[in-house]
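# predicted structure and sequence below. I'll ask about it afterward.
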Amino acid sequence: MKNILKKNEVNFLFYDYETFGIHTSLDKPAQFSSIRTDKNFNIMEEPKCFYCFPSDDYLPDPSSILITGITPEYTEKHGFNEYKFSKKIHDVLLKPNTCIIGYNNINFDDEITRNIFYRNFLDPYEWSWKNNNSRWDLLNVVRACYALRPSGIQWPKNEFGLPVFKLSDLTQKNNISHYNAHDATSDVYATIELAKLIKRKQPKLFDFFFKYRKKNELCRLIDIEKFTPIIYVSSYFGALRQNMSCILPLSWDLHNKNILISIDLFKDIDKLIVFCKTVSISNISIKDLFDLGIVLVYLNRCPILAPIKVIRKEDTNRLNFKKYFYYKKINLVKKNYFLIDLVKNVLLKKNENKNSLNVDLQIYDSFFNFHDKNLIKKISLTKSSDLKKMKLDFKDPRLKELFFRYKARNFFNILKNDEKKEWINYCLKTLNSFFLTGYIDKIESLLKIYSYDVKKNNLLSDLLKYVFKKYKKVFYKNINLS
């Protein structure tokens with residue numbers, strides 16, 4: 001099983017979470033699994049698998065329990081609190097020269113990682129770049145393979161004849177072993193086998209997009225000054241359009257240099273220009289621009305970009321690719337240069353939205369300064385028993401509440417009595433009677449829907465018992481502190 005890596009040689013860490021819900025900031029992880037391979041996808045280590053039990057201020061989405069089969073009681077018996085869980089994952093991810101990869105990880109799993117690290121005083125970002133690390137998403141590569149080089153892979157379709165990129169459907173269609181979909185370890189093995197298949201059938205495509213996964217490399221494909229169009233593969237364009245379009249890079253976002261502002265050349269550019277000429281800039285919304293063809297490409301999210309020469313002559317009909325018309329539209333943009341500055345200024349509005357009052361939702365409000373980063377590191381290295389002795393002068397207002405929740409969720413017993421009361425009151429407010437009534441109604445409704453399914457009935461019944469047990473636990477803590 002073990003292979004020895006040469007110094008500075010890239011290794012892949014395939015990973016996956018199962019969670020208690022789909023919200024990457026508010027819902028909690030249930031299971032993490034990862035497998036490390038060499039650059040040829042030979043497995044180098046035994047799988048790492050950890051479970052995490054939820055804190056007292058949270059109840060799982062009942063629908064997620066039915067999908068994963070993981071109950072909170074199971075995680076209490078076999079798992080860790082969120083801090084220990086996060087720390088174990090942090091140690092796995094920080095191994096040098098690691099390309100961290102999953103299936104839809106850019107939009108989901110990586111966001112879970114960032115949020116659990118943020119909540120538990122670990123750096124939310126360095127795991128993806130420090131020690132020559134990087135990240136990648138096989139789902140995007142699969143979409144690119146379907147759009148640009150589909151031969152050699154069996155593509156599942158839905159009832160409308162459109163491609164389906166669900167991992168379990170792809171593995172079934174291509175005879176890849178996937179013994180237990182929605183078990184994190186099984187999903188990781190399946191993702192590795194799918195990566196092997198694509199690399200074997202379309203090696204040039206695979207190697208090209210691996211090379212151009214980082215921002216610095218992607219920037220070489222972008223030439224704003226020369227009005228050079230590029231291919232962009234993204235679910236944004238939808239399956240009817242092969243999840244692909246030809247876009248024209250216009251400018252970098254004024255606020256965030258990771259964002260490339262572009263125009264979708266498939267759209268009616270005349271309509272966009274007329275709209276921007278006739279409507280006052282104060283009345284133009286970001287949604288208006290998106291509807292009319294403005295596209296934002298996030299270069300720090302491993303977008304799939306390629307020069308237009310990737311479209312071969314035999315691909316043009318299949319992809320409805322009209323190069324001549326795209327260049328006519330580019331000339332139209334050149335003649336209406338005002339459009340670029342107008343779009344940049346309208347997009348500035350997106351940064352004026354009010355921030356959430358819930359600190360758990362504030363990860364992207366701003367980066368922590370150097371002073372606070374040092375305190376965050378100090379907290380992560382401090383034993384739980386010593387946390388109550390710490391005197392911390394945070395500069396960022398988020399950190400005081402984050403630190404309180406960190407202690408309460410992971411180390412309730414170290415809290416002072418007044419802090420315990422504050423936490424219990426917060427839990428009772430979160431799990432209030434109105435919320436609990438709706439929550440229990442949902443479980444009972446699902447019990448009726450799945451009355452014929454013994455396994456799902458048992459899962460829901462166990463969850464119902466867990467709810468009463470948890471509420472009783474919080475309620476009695478409250479009485480004992482009164």
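Noted; the coordinates are in hand. Residues are numbered from 1 along each chain as shown.

# how many neighbours does Lys470 have?
By the other C-beta atoms under 10 Å criterion, the neighbourhood of Lys470 contains 19 residues. (Each C-beta comes from the backbone N, C-alpha and C, glycine too.)

# tell me the contacts of it?
With contacts taken as C-beta atoms under 8 Å, 6 or more residues apart in numbering, Lys470 has the following neighbours: Asp56, Leu59, Leu431.

# same thing with Leu319?
Leu319 is in contact with Ala147, Gln242, Met244, Ile311, counting by C-beta under 8 Å, 6+ apart.

# pipe the residues you listed into TSV and attach distance to Ile304 and neighbour count per row.
What follows is the contacts of Leu319, written out as TSV (distance: C-beta to C-beta, whole Å; neighbours: other C-beta atoms under 10 Å):
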residue	distance to Ile304	neighbour count
Ala147	9	24
Gln242	12	22
Met244	9	25
Ile311	14	19
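
# out of those, which sit inside strands?
Among the contacts of Leu319, the subset assigned to strands under DSSP state E consists of Met244.

# which residues touch Ile222?
Neighbour list for Ile222: Thr228, Ile230, Pro249, Leu260, Leu305 [criterion: C-beta under 8 Å, 6+ apart].

# one more: His90?
Shown here is His90, whose contacts under the criterion C-beta under 8 Å, 6+ apart are Phe117, Leu122, Trp127.

# just after the helix or strand harbouring it, pick out the following helix or strand.
Assessed by DSSP states H and E, His90 sits inside helix 82-93. Next along the chain after helix 82-93, taking DSSP H and E as the criterion, comes strand 98-102.

# kindly export that following strand (C-alpha atoms) in PDB.
Only the C-alpha atoms of strand 98-102 are listed here, as PDB (Å, rounded to 0.1, in the frame of the first residue of the first chain):
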ATOM      1  CA  THR A  98      -0.600  18.100  -1.600                       C
ATOM      2  CA  CYS A  99      -3.300  18.700  -4.200                       C
ATOM      3  CA  ILE A 100      -6.500  18.500  -2.300                       C
ATOM      4  CA  ILE A 101      -9.300  17.200  -4.500                       C
ATOM      5  CA  GLY A 102     -12.900  15.900  -4.200                       C
END
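
# enumerate the positions of the following helix or strand past that strand that are buried.
Once the chain leaves strand 98-102, the next helix or strand it forms, by DSSP H and E, is helix 110-119. The neighbour-count criterion (16 or more other C-beta atoms under 10 Å) identifies Asp110, Glu111, Ile112, Thr113, Arg114, Asn115, Ile116, Phe117, Tyr118, Arg119 as the buried residues of helix 110-119.

# let's have the contacts of His90 in JSON lines, adding distance to Leu339 and pLDDT.
Output for the contacts of His90, formatted as JSON lines (distance: C-beta to C-beta, whole Å; pLDDT from 0 to 100):
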{"residue": "Phe117", "distance to Leu339": "40", "pLDDT": "99"}
{"residue": "Leu122", "distance to Leu339": "43", "pLDDT": "98"}
{"residue": "Trp127", "distance to Leu339": "39", "pLDDT": "98"}
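
# could you chop this structure up by domain?
Taking automatic domain parsing as the criterion, the chain consists of the domains 1-204, 212-352, 416-481.

# between these, which has the poorest mean confidence score?
When these are compared on mean pLDDT, domain 416-481 scores lowest, with a mean of 91.

# which one of the domains of the chain is the most hemmed in?
With neighbours defined by mean count of other C-beta atoms under 10 Å, none of the domains of the chain is more surrounded on average than domain 1-204, at a mean of 19.

# distance from that domain to the middle of the chain?
The offset between the C-alpha centroid of domain 1-204 and the centroid of the whole chain comes to 10 Å, using C-alpha atoms, centre = their mean, to the nearest Å.

# stretch 355-365 too?
Its chain's C-alpha centre and that of stretch 355-365 lie 17 Å apart, by C-alpha atoms, centre = their mean.

# hmm, back to that, in strands, which of the contacts of Ile222 fall?
Ile230, Pro249, Leu260, Leu305.

# so which of those residues comes closest to Phe370?
Leu260 (28.9 Å; C-beta to C-beta).

# which phi and psi does the nearest residue to that closest one once chain neighbours are set aside have?
Using C-beta to C-beta, 6 or more residues apart in numbering and skipping residues adjacent in sequence, the residue nearest Leu260 is Val297, 4.2 Å away. Here the main-chain torsion angles of Val297 (degrees, to the nearest 10) amount to phi -110, psi 120.

# what's the answer for the one 3 residues further on, then?
Backbone geometry at Asn300, expressed as degrees, to the nearest 10, gives phi -90, psi 10.

# that one contacts Arg213, correct?
No: shown here, Asn300 and Arg213 do not form a contact pair, counting by C-beta atoms under 8 Å, at 10.8 Å.

# got the contact list for the nearest residue to Asp110 once chain neighbours are set aside?
For Asp110, ignoring the flanking residues on the chain, the nearest one in space by C-beta to C-beta, 6+ apart is Arg135 at 6.3 Å. By C-beta under 8 Å, 6+ apart, the contact set of Arg135 is Cys99, Ile100, Ile101, Asn105, Ile106, Asp110, Ser128, Arg213, Cys302.

# and Arg135, which of the three is it?
Per DSSP: H, G, I helix; E, B strand; the rest coil, the local secondary structure of Arg135 is strand.
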